[in-house]
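Novice: Next one to model:
(one chain, ligands or ions: 1)
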Amino acid sequence: MPVITNIEDLRRIYRRRVPKMFYDYAESGSWTEQTFRENVSDFADIRLRQRIAVDMAGRTTKAKMVGQEYTMPVALAPVGLCGMQSADGEIKAAKAAEKFGVPFTLSTMSICSIEDVAKNTSKPFWFQVYTLKDDDFMKRLFARAKDAKCSALVITVDLQIMGQRHRDLKNGLSAPPKLTLRSMADLATKVPWGLEMMQTHRRFFGNIVGHAKGVTDPTSLGSWTAEAFDPSLDWNRIREFRSWWDGPVILKGILDEEDAKKALDVGADAIVVSNHGGRQLDGALSSIRMLPRIMDAVGDRIEVHLDSGIRSGQDVLKALALGAKGTMIGRAFVYGLGAMGQAGVTKALEIIHKELDTTMALCGERDVANLGRHNLLLPADFDTRWQ
Ligand code: GLV
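Specialist: Purely as a prediction, here's the structure:
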């Protein structure tokens, strides 16, 4: 068994274990992938301020997100197709999250359905909604999330249409994978993955198949998003969704100060500063670079979270020091899931937690609540370079 010490170790194991089409699905951005890369490299551009001889005993990473206390301010982001990264992947990730004490967010594009995840877990999870044209489907989706006792609704607002990821088109991404000569040659090298997958009945988009009308090929993510997603989503519609849900609403995919102000106007409880992991508008700035402007615009009036680019506890600390109250990890937990199932998600959370705790200590802080700009050394033009 290799000694796993960081998230990159998990990525390497994941790559060997999981069919190429699902690895590529997770590990890509749209078009030139500039934004996908800069999400990570902009974190690396921020340096930390070392402080010494501060009493380090009694440290805590505990923090509240939308009213609930968690082990650390890190949630598992909604990620499509987790049940293709590992059999029953959403249930495995949700179990790891609840044991660790962080929120799991189930994607609309999951393989395991809302009901299935609820049945197999004991703590409430967050549910992410995409906005589809079919109004009956949407109303039922909200009702299903309520029946499953989801504790927050995450509405993704940056994917009315899908950014083009070249590899998904080239690989013919589908769930389950279509058997072609190419995919079979790859599957032949991923036997443990295939054996596990053969033992589950959960191989289709569980929230969609049998629930949504007008979807001609429900195995193809590309075609059903093109057919079923509502390109006319606007702020009035978001306001309407807000009124359908009586618990916390988190709007995910805000990358601009003006949109952050609008999120406040429609009564969101929190926003996630995100460019969808660089999978939508290639050429957009990284989330971490946009965070300071958004904090200046709304940070004192709404809970601001951040995702896109986090691969370590140091990255989490940097986001918190710039004002975020919460963060989300997507790829960082998917690597663990694909590498080692539930134990791999737990491993990813342990790695990030330890990195956050140790980094906080070496920065001279004992409580994540006290992190601030004073812990960082930023390039002089970090938030002003691109105007
Ligand atoms: C879905 O949200 C995706 O980015 O593929």
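
Novice: switch to C-alpha atoms for all contacts and neighbour counts from now on
Specialist: OK.

Novice: can I assume I271 sits in a strand?
Specialist: Yes. Applying DSSP: H, G, I helix; E, B strand; the rest coil, one finds I271 inside a strand.

Novice: any idea how far it is from V40?
Specialist: For I271, the distance to V40 equals 20 Å [CA to CA, to the nearest Å].

Novice: One more: V266?
Specialist: In this view, V266 and V40 are 31 Å apart by CA to CA.

Novice: so what's R49 up against?
Specialist: C363, H374, N375, L376, L377 (CA atoms under 8 Å, 6 or more residues apart in numbering).

Novice: repeat that for 10 Å
Specialist: L362, C363, G364, R373, H374, N375, L376, L377, L378 (CA atoms under 10 Å, 6 or more residues apart in numbering).

Novice: And E69, by the same measure?
Specialist: K62, A63, G101, V102, P103.

Novice: CA atoms only: put the helix or strand where A145 lies into PDB for me.
Specialist: Per DSSP states H and E, A145 falls inside helix 135-147. Provided in PDB are the C-alpha atoms of helix 135-147 (Å, rounded to 0.1, in the frame of the first residue of the first chain):
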ATOM      1  CA  ASP A 135     -41.600  22.900 -14.300                       C
ATOM      2  CA  ASP A 136     -43.300  19.800 -12.900                       C
ATOM      3  CA  PHE A 137     -39.900  18.100 -12.700                       C
ATOM      4  CA  MET A 138     -38.500  21.100 -10.800                       C
ATOM      5  CA  LYS A 139     -41.300  21.200  -8.300                       C
ATOM      6  CA  ARG A 140     -41.000  17.500  -7.700                       C
ATOM      7  CA  LEU A 141     -37.300  17.900  -7.300                       C
ATOM      8  CA  PHE A 142     -37.700  20.500  -4.500                       C
ATOM      9  CA  ALA A 143     -40.400  18.300  -2.900                       C
ATOM     10  CA  ARG A 144     -38.100  15.300  -3.100                       C
ATOM     11  CA  ALA A 145     -35.200  17.200  -1.500                       C
ATOM     12  CA  LYS A 146     -37.600  18.300   1.300                       C
ATOM     13  CA  ASP A 147     -38.800  14.800   1.900                       C
END
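
Novice: Just the residues contacting that helix, thanks.
Specialist: With CA under 10 Å, 6+ apart as the criterion, helix 135-147 contacts 108, 113-115, 118, 125-132, 148-153, 207-208, 211-213, 230, 241, 244-247.
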